[in-house]
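Chemist: My questions are about this predicted structure, shown below with the sequence.
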Amino acid sequence: MTLTLPNLLTIIRLIAAPMVAVMFLYFTRPYADWFALVLFVSAAITDWFDGYLARAWKQETKLGAMLDPIADKAMVVIALMVIIGFSSWSPWLVLPATVILFREVFVSGLREFLGDTAGTLKVTKLAKWKTTCQMVAIAVLFSHGVFEHYLGMSAYGMDQTMVNAIFAGTEPDLQGLRWKHAAMEWAGSSGLVLLWVAATLTLITGLDYFAKSLPYLKDDR
């Protein structure tokens, strides 16, 4: 095994995956949301760099080829688990997340069964777009948690009448409640739409991978 810089970046991303969840064990919100967001975005950026550097420097290795998809899946699965765990368990969030998690488990099991044959089934551009969309959706959903808790902190000590008056424009918005609420709503809606797009791409690429593997699943082979 060769430990190149691209491989080291992949290993760092793999280690960062569980750290996203650990942030919520040791920090209160919204600081946990901030740390998780920064950690997740930083790890997602390394996903592009490790592949680019490996190709540019001709340092593509078996270790990297093995760890890269594992790191991607670990990042997505753990981040979705954290987001769902700290959400209101809305079915509009749980359903696309379930599709993504099911696909990742199914394809991982299929690849394990196919063994060396799995290496002949090349990753499509749509699959790369799927991963990108998942990463962006999760990052936006983490930012929703940041804005939500800053809004709660800013409104702390205010009664509902005062909050309603600020939103109505009859009272001065000294704490920035309106823009924080608008940012929270935008992040929540955008993140949810992106997650549904990611789930759709995930389902399509999963079915495509299964269709390509069917010839290798015949009993007469």
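Modeler: Sure, I can see it.

Chemist: contacts, neighbours, all on C-alpha from now
Modeler: Will do.

Chemist: so how far is the longest helix along the chain from its chain's centroid?
Modeler: When the chain is parsed with DSSP state H, its longest helix is helix 177-213. Counting by Cα atoms, centre = their mean, to the nearest Å, helix 177-213 is centred 10 Å from the centre of its parent chain.

Chemist: So which bits of that helix are buried?
Modeler: Buried residues in helix 177-213, counted by 16 or more other Cα atoms under 10 Å: 177-178, 180-181, 183-184, 186-188, 190-206, 209-210, 213.

Chemist: Then stretch 21-36?
Modeler: Per 16+ other Cα under 10 Å, stretch 21-36 contains these buried residues: Ala21, Met23, Phe24, Arg29, Pro30, Tyr31, Ala32, Asp33, Trp34, Phe35, Ala36.

Chemist: Show me what that stretch is in contact with.
Modeler: Met19, Val20, Ile78, Ala79, Val82, Phe142, Ser143, Gly145, Val146, His149, Tyr150 (Cα atoms under 8 Å, 6 or more residues apart in numbering).

Chemist: now the fifth one, nearest residue through space, not along the chain?
Modeler: Nearest residue to Val82, sequence neighbours excluded (Cα to Cα, 6 or more residues apart in numbering): Ala21, at 6.1 Å.

Chemist: same deal with the second one?
Modeler: When the adjacent residues along the chain are set aside, Val20 lies closest to Ala36, with 4.9 Å between them (Cα to Cα, 6+ apart).
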